[in-house]
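In: just a sequence and a predicted model for now, questions to come.
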Amino acid sequence: TITINQEIIPDFVIQIKDGQVLPLLNSRNAPTLRVSDEYKEILSTYSHDKNSAEHKQAALFIKQKLDAAKWYIDAINQRQNTLLQTISAIVKLQKEYFLTGDEKNIKPMILKDVADITGFDISTISRVVKSKYADTPNGIILLKNLFSDSLTNDDGEEVSTKEIKNHLQEVISQEDKRKPLTDDALVDVLKEKGYNIARRTIAKYREQLNIPVARLRKEL
């Protein structure tokens, strides 16, 4: 087996200052580009030489390259603006999580929520968050892991499936291993916490967490 260690260079940097969450683009992925003044001067010189066909041809060539460079720089700037607006919207929706680093504070969030704030298409948001990372005070995170389906608790508030899974994992970790909780018992425990979840949903989440059924968790 060959293991390839690939360095992750986050696209975003999240900073906490005076209780505020500040989203930034990683400078390593957001270079400042500009067109060299030297080429502008050459173009100006050649353009004013009306007596040389060779200089006219050179001026046209340089102008085409300068136009292409300006288009490229504009495209990069537009991309960076899209990235910054997207991460700003995510930070706005998940402020409590970024402040605490506690996954239980991840709010229900779908692509449409971010699209509504930024005004971008859902497909644009999807492309931005796919395979992109953020360097936060609590470690490097994959942005798409902040997006999840949601359920409603007894108070009518939306809660993320990640939050439910965290509670489920916590309950199982604290159970009496001589009498581990069945899925039906887990339904009752989570109901006491305010989460009305069907047994089949509990089973699905447990399997996704790679936690075996109660009889296989039993310890003598």
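Out: Cool, the structure landed.
In: is Ala89 in a helix, a strand, or coil?
Out: At Ala89 the chain is in helix, as set by DSSP: H, G, I helix; E, B strand; the rest coil.
In: count of neighbours near it?
Out: 21 (other Cβ atoms under 10 Å). C-beta here means a position set from N, CA and C on the backbone, and glycine is covered the same way.
In: same question for Lys162.
Out: Per other Cβ under 10 Å, the neighbour tally for Lys162 reads 21.
In: what do you get for Thr86?
Out: So Thr86, with other Cβ under 10 Å, has 24 neighbours.
In: residues touching it, list them.
Out: Taking Cβ atoms under 8 Å, 6 or more residues apart in numbering, we find Thr86 in contact with Val114, Thr118, Phe120, Ile125, Val128, Val129.
In: do you know how far the residue nearest to the spatial centre of the chain is from Gly194?
Out: Closest to where the C-alpha atoms of the chain average out (Cα atoms, centre = their mean) is Leu143, at 2.1 Å. Shown here: Leu143 relative to Gly194, a distance of 28 Å by Cβ to Cβ, to the nearest Å.
In: excluding its backbone neighbours, what's nearest Leu142?
Out: Tyr133 (5.7 Å; Cβ to Cβ, 6 or more residues apart in numbering).
In: sorry, wrong one. I was asking about Phe12.
Out: Ala134 (4.1 Å).
In: my guess is the one you found is in a strand, correct?
Out: Yes. Under three-state DSSP, Ala134 sits within a strand.
In: for it, the count of nearby residues, please.
Out: Using other Cβ under 10 Å as the criterion, the residues surrounding Ala134 number 23.
In: same deal with Lys179?
Out: Look at Lys179: counted by other Cβ under 10 Å, it has 11 neighbours.
In: Three-state assignment for Leu22, please.
Out: strand.
In: wait, Ile62
Out: Ile62 - assigned by three-state DSSP - is helix.
In: about what we covered before: any chance of a PyMOL selection covering the buried ones in the contacts of Thr86?
Out: Selection of buried members from the contacts of Thr86 for PyMOL, criterion 16 or more other Cβ atoms under 10 Å:
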select buried, resi 114+118+120+125+128+129
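In: and which of the contacts of Thr86 is nearest Asp183?
Out: Comparing these against Asp183 with Cβ to Cβ places Val129 closest, at 32.7 Å.
In: which one is the closest one nearest to, not counting chain neighbours?
Out: Leu143 (4.3 Å).
In: any idea of the pLDDT on that neighbour?
Out: Predicted confidence (pLDDT) at Leu143: the value is 91.
In: just checking, it touches Ile90?
Out: Yes. The pair Leu143 / Ile90 is scored as a contact, 6.8 Å apart, by Cβ atoms under 8 Å.
In: just to revisit the earlier point, now do the same contact list for the residue nearest to the centre of the chain.
Out: Phe12, Ile87, Ile90, Val128, Val129, Lys132, Tyr133, Ala134 are the contacts of Leu143 under Cβ under 8 Å, 6+ apart.
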